[in-house]
Structure formats: C-alpha cells, structure tokens
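# Provide a 3D model corresponding to the input given below.
(one chain, ligands or ions: 1)
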Amino acid sequence: MACEPINFDPLIMADGIAPTNDPVLLFRSPAYAVSYAKRLSGQ
Ligand code: HEM
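Have a look, this model is predicted:
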C-alpha cells in the first residue's frame with residue numbers, strides 16, 4: 001500500500017518560533033528524513 005509522501009520535520013517552525021539546542025530535538029530532523037526515505041522506498 002502506498003504511503004503519503006510527506007516528511008514531518010519538527011525543526012521546520014513558524015516565524016517567531018525557534019528550536020532549543022537540545023541535541024535530542026536536533027537529531028529528530030535526520031531521523032525523520034531516514035524514516036521518510038525508507039517509507040518511500042518500501043524498506
Ligand atoms: C518530543 C519528542 C517527540 C515527539 C512529540 C514525537 C512525535 C512523533 C509523532 C507524532 C510521530 C508520527 C507518528 C505516526 O505517524 O503515527 C513520530 C514519528 C517518528 N519519530 Fe518522533 N517524536 C519525538 C521524538 C523523536 C526522537 C527523539 C526521534 C529520533 C531521534 C524520533 C523519531 C521518529 C521517527 C523515525 C518517526 C517515524 C517518522 C515517519 O513516519 O517516517 N522522534 N514522532
């Protein structure tokens with residue numbers, strides 16, 4: 001079954017909102033990108 005080609009990146013924020021330097025938070029972008037690529041490639 002196909003999945004929605006949408007990558008949720010929690011570091012894309014509205015103007016006026018900024019992320020903290022929390023390394024766990026900052027690591028979410030690459031983790032979600034890897035997951036997105038795996039979903040699209042069916043892995
Ligand atoms: C405040 C902390 C976090 C919140 C609120 C959060 C929230 C979420 C939500 C709502 C989803 C989607 C679940 C669904 O589709 O049903 C998700 C997916 C995911 N999360 Fe997090 N998350 C957090 C932290 C993290 C961290 C620290 C990592 C790894 C470094 C991570 C990795 C992932 C991955 C790989 C997915 C699957 C993404 C995909 O659908 O392709 N998350 N998260």
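
# helix, strand, or coil at whichever residue of the chain sits closest to the ligand?
The ligand sits closest to Ser35 of the chain, with a gap of 3.2 Å, by Cβ to the nearest ligand atom. For the C-beta atoms, the positions are set from N, CA and C on the backbone; glycine is no exception. Of the three states, Ser35 takes helix according to DSSP: H, G, I helix; E, B strand; the rest coil.

# contact partners for it?
By Cβ atoms under 8 Å, 6 or more residues apart in numbering, the contact list for Ser35 is empty.

# mind pulling up the pLDDT for it?
Among the per-residue scores, Ser35 shows a pLDDT of 94.

# ok, now the one 3 residues further on?
Taken from the predicted model, the pLDDT recorded for Lys38 is 93.

# helix or strand for it, which one?
Lys38 belongs to helix 28-41 when assigned by DSSP states H and E.

# pull out the buried positions in that helix.
Residues 29, 36 are the ones in helix 28-41 that count as buried (16 or more other Cβ atoms under 10 Å).

# how distant is that helix from the center of its chain?
7 Å (Cα atoms, centre = their mean, to the nearest Å).

# stretch 22-31 too?
Per Cα atoms, centre = their mean, the centroid offset for stretch 22-31 relative to its chain is 9 Å.

# just stretch 30-43 next, same as before
The chain centroid and the centroid of stretch 30-43 are separated by 9 Å under Cα atoms, centre = their mean.

# who in this structure is up against the ligand?
Within the chain, the positions adjacent to the ligand are 24, 27-28, 31-32, 35-36, 39 by Cβ under 6 Å from any ligand atom.

# try 5 Å
Taking Cβ under 5 Å from any ligand atom as the contact definition, the chain meets the ligand at 24, 27-28, 31-32, 35.

# distance-wise, check Pro30 relative to Ala37.
Separation of Pro30 from Ala37 (Cβ to Cβ, to the nearest Å): 11 Å.
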